[in-house]
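Asks: Generate a structure from the sequence data that follows.
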Amino acid sequence: MSAVETPRTPVVDRLWARVLVPLVVPALALAGYQAVATSGRNPYFPPLGTIAAAANELWFGEGLTRDVLPSLANLAVGYVSGLTLGLVVGLVLGRVPVARAIIQPLVSFGLTLPTVALLPVFLIVFGVGAQMQQAVIALSVFFVAVINTADGVRSTDPVLLDLVRVYRIPRLRRTFQVIVPAASTHILAAARVGLSSALLVMVVGEMVGASHGIGAVTLLAQQEFAYARMWAGIVLLAGLGVLFNLGFMAVERRLTARLGLPLASPGGTK
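Replies: Sure, this is the predicted structure:
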């Protein structure tokens, strides 16, 4: 009688592999960059140590309160405002056919129009400052949230809607306990895409219409040929993007596990 063989765990599924494998490509990229930087052939690529020193000088101490925190505050206000308004309008479009017929063409046009193309208009209306930054970020998130939320609401199971009508569940309770959970996959996808769009628009908005902030400092460094400071800004923005993505994925897993739903996948970009 032969012994039953225990199935082996694939290498990629082992704990050490899940931790180390995603770090291989970034480590190789850093090593390759350092090799190019230390060769001294191109002044546009300073060594990693020089970039780290510039980052410490720029983003800690006075730079933290003058540039980093205001940028993150504008990002948070604009993102939450645009996402909240987009969810409300998306619910209306998904549930009211007349409103969808009237507003849908305008929303579709706004989704295809790059938000950064409207920066001159926002500068005229709001001027240079935090209000302009928050407004343009909110707009970039708004259209993504509207389209995804409306699609999620419209895809709600008709049998489920008939069931809540039979039990005469009040409209408000029906919306928040039935329709919103049913559309949560689309809403999470909108929130994830909107976060990436908000970070992008924050940087561009600061480069165009701000004297302080991460984007403004990065652009000023490039104009002054301070390439170590420029790369320090790029590294900070990349790090923020990674942290935001990891944080969102953690929240997404908790919510989807609680609701018994599959993980959302981004539905598009702005």
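Asks: For Ile146, grab the count of nearby residues.
Replies: Check again: residue 146 is Val, not Ile. Using other Cβ atoms under 10 Å, Val146 is surrounded by 29 other residues. C-beta here means a position set from N, CA and C on the backbone, and glycine is covered the same way.
Asks: That one contacts Leu93, correct?
Replies: Yes. Taking contacts as Cβ atoms under 8 Å, Val146 lies within contact range of Leu93: 6.7 Å.
Asks: so what sits against both of the two?
Replies: Val107 (Cβ atoms under 8 Å, 6 or more residues apart in numbering).
Asks: average model confidence for the helix or strand harbouring Ser197?
Replies: Ser197 belongs to helix 184-209 when assigned by DSSP states H and E. Looking at helix 184-209 alone, the average pLDDT works out to 91.
Asks: ok, the residue positioned nearest the centre of the chain to Gly49 distance?
Replies: The chain has Leu195 as the residue nearest its centroid, 1.9 Å off, counting by Cα atoms, centre = their mean. Per Cβ to Cβ, to the nearest Å, Leu195 is found 32 Å from Gly49.
Asks: Give the residue spans of the stretch 151-270 of the chain that score low on pLDDT.
Replies: Low-confidence segments of the stretch 151-270 of the chain (pLDDT under 70): 259-270.
Asks: now the helices: where do they sit in the stretch 101-250 of the chain?
Replies: 119-126, 130-154, 158-166, 171-174, 180-182, 184-209, 214-223, 227-259 (DSSP state H, counting those that start in this stretch).
Asks: Contacts only, for the residue lying closest to Leu240 once chain neighbours are set aside.
Replies: Spatial nearest neighbour of Leu240, chain neighbours left out: Leu199 (6.7 Å); criterion: Cβ to Cβ, 6 or more residues apart in numbering. Residues near Leu199 by Cβ under 8 Å, 6+ apart: 75, 237, 240-241, 244.
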